[in-house]
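S.K.: Predicted model follows, preceded by the sequence.
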Amino acid sequence: MGPLAGVTIVEVASLGPGPFCSMMLADMGADVIRIDRADAVISPGDRSASPDLLNRGRPSVGVDLKHPKGVEVALRLCDDADGLVEGFRPGVAERLGLGPNDVHARNPRLVYGRMTGWGQDGPYASQAGHDIDYLAVSGILGMLGPAGARPWPPLNLVADFGGGGMMLAFGMVCGLLEAGRSGEGQVIDAAMVDGASLLSTMIYGLMASGLWSQPRGHNLLDGGAPFYSTYETHDGRYMAVGAIEPPFYAQLVELLDVDVDADAQMDPNQWEETRRVFAAAFSRKSQQEWTEVFAGSDACVAPVRSLHEAYGDPHVAARGTIVEIAGIRQPSTAPRFSRTVADRPGISHRPGSHTDEVLRRLGWDDGEIEDLRAAGAVK
């Protein structure tokens with residue numbers, strides 16, 4: 001019943017951002033069919049839940065795309081689909097016979113989504129890379145980490161999932177909207193280096209305004225400001241502070257009960273001393289005690305939870321932000337819709353869990369399916 005109900009997407013299995021894009025589309029109600037490598041299928045037809053949560057909510061068919069009959073299976077899936085998502089290096093899909101020209105010759109209205117790190121062109125396009133590399137060349141990694149220390153990557157959340165998978169999901173929906181008007185598909189070139197760079201747009205604005213001019217760890221949002229940082233509590237836990245606006249900062253100072261001039265909040269010359277005062281104050285109580293002190297206030301202070309603890313946070317629990325499905329905890333669907341309800345996420349299925357079912361939908365009978373399996377085209 002989600003907002004993308006009625007939309008059919010073919011996904012060629014890949015790693016990280018590609019599956020995340022397809023997960024988002026499936027979470028919103030799209031009928032996504034995942035093409036897994038035949039050699040990834042361990043137990044054909046196994047419908048038990050998998051811990052690989054990026055694959056949730058969509059059936060899987062095991063296909064050998066190096067086999068001509070396997071490519072034909074993939075093309076048949078695309079014939080009636082609205083979109084395709086793939087994460088090959090540039091040129092690989094074309095060599096397999098599954099590139100945009102091959103698909104659009106049969107289904108010109110299909111939106112063809114391409115997920116790569118460097119994009120389809122440029123001097124790095126054919127190189128391997130990972131999240132940390134895309135952050136490095138885009139200038140983002142150089143902003144991350146404490147002052148006087150080496151840059152530190154924020155897991156692989158920024159380039160892989162924010163600048164990659166989420167950006168491709170946005171691109172796919174935009175392409176689907178346009179194809180609904182024009183009747184013509186197109187290729188979406190989603191590069192993680194582009195998407196990660198886009199996420200830093202506000203920082204570029206701060207630079208242009210002269211508000212982001214100091215080395216790493218000395219600026220407004222990178223831990224330089226004492227009112228946007230973390231502090232250790234008496235029990236060795238941490239509290240996160242984000243009191244940027246003056247009224248919020250005034251509440252922070254009041255509830256910490258410290259002798260700090262709230263009117264001098266934006267004076268960088270006082271930041272080091274203010275940080276020392278704040279750190280001393282936070283060290284006097286436990287995390288739970290400070291959580292109770294700041295409860296209900298606008299001081300923008302929150303306890304730093306672990307992933308295990310987040311499930312039990314009162315607000316997270318009340319909204320069902322993290323759910324348990326088939327015994328596995330995971331983030332629920334987001335965002336939320338008032339009418340076209342995208343309910344709880346579906347189960348994460350194992351490779352090859354729906355091969356026969358999908359092939360029957362395409363018109364193959366049981367005998368033909370067995371012939372495909374015997375030839376090694378599917379599993």
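M.R.: Noted; the coordinates are in hand.
S.K.: Based on its surroundings, how many neighbours for residue 45?
M.R.: 13 (other C-beta atoms under 10 Å). C-beta here means a position set from N, CA and C on the backbone, and glycine is covered the same way.
S.K.: I'd guess residue 101 is in a helix, am I close?
M.R.: Yes - assigned with DSSP: H, G, I helix; E, B strand; the rest coil, residue 101 falls within a helix.
S.K.: Distance check, the closest residue to residue 231 other than its chain neighbours against residue 325.
M.R.: Spatially, and ignoring its direct neighbours in sequence, residue 231 is nearest to residue 282 (3.8 Å; C-beta to C-beta, 6 or more residues apart in numbering). For residue 282, the distance to residue 325 (C-beta to C-beta, to the nearest Å) stands at 37 Å.
S.K.: more crowded one of those two?
M.R.: residue 282 (22 against 17).
S.K.: In this structure that one contacts residue 239, no?
M.R.: Yes - the criterion here is C-beta atoms under 8 Å, and residue 282 meets it with residue 239 at 5.9 Å.
S.K.: so where's this structure shaky on pLDDT?
M.R.: Low-confidence regions of the chain, defined here as pLDDT under 70, do not occur.
S.K.: quick one: the strands in it?
M.R.: Listed in chain order, the strands of the chain (DSSP state E) span 8-12, 31-37, 60-63, 83-86, 111-116, 187-191, 228-232, 238-242, 301-303, 322-325, 328-331.
S.K.: right, and those - which one's nearest residue 314?
M.R.: Each of these has some distance to residue 314 by C-beta to C-beta; the shortest is strand 301-303, at 10.9 Å.
S.K.: could you say what helices and strands the closest one packs with?
M.R.: Here strand 301-303 touches strand 238-242, helix 287-294, going by 3 or more C-beta pairs under 8 Å, 6 or more residues apart in numbering; DSSP states H and E.
S.K.: again, only using 10 Å
M.R.: strand 238-242, helix 246-256, helix 287-294 (3 or more C-beta pairs under 10 Å, 6 or more residues apart in numbering; DSSP states H and E).
S.K.: can you redo the ones you listed as TSV with mean neighbour count?
M.R.: As requested, the helices and strands packed on strand 301-303 are arranged in TSV below (neighbours: other C-beta atoms under 10 Å):
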stretch	mean neighbour count
strand 238-242	19
helix 246-256	18
helix 287-294	16
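S.K.: Compare those and give me the one nearest residue 306.
M.R.: strand 238-242 (10.5 Å).
S.K.: wait, isn't residue 131 in contact with residue 163?
M.R.: Yes - the pair residue 131 / residue 163 is scored as a contact, 8.7 Å apart, by C-beta atoms under 10 Å.
S.K.: hey, what's in contact with both of these two?
M.R.: 17, 117, 157, 192, 196 (C-beta atoms under 10 Å, 6 or more residues apart in numbering).
S.K.: The residues you listed: which two are farthest apart?
M.R.: Once C-beta to C-beta is applied, the shared contacts of residue 131 and residue 163 give 117 and 157 as the farthest pair, at 14.9 Å.
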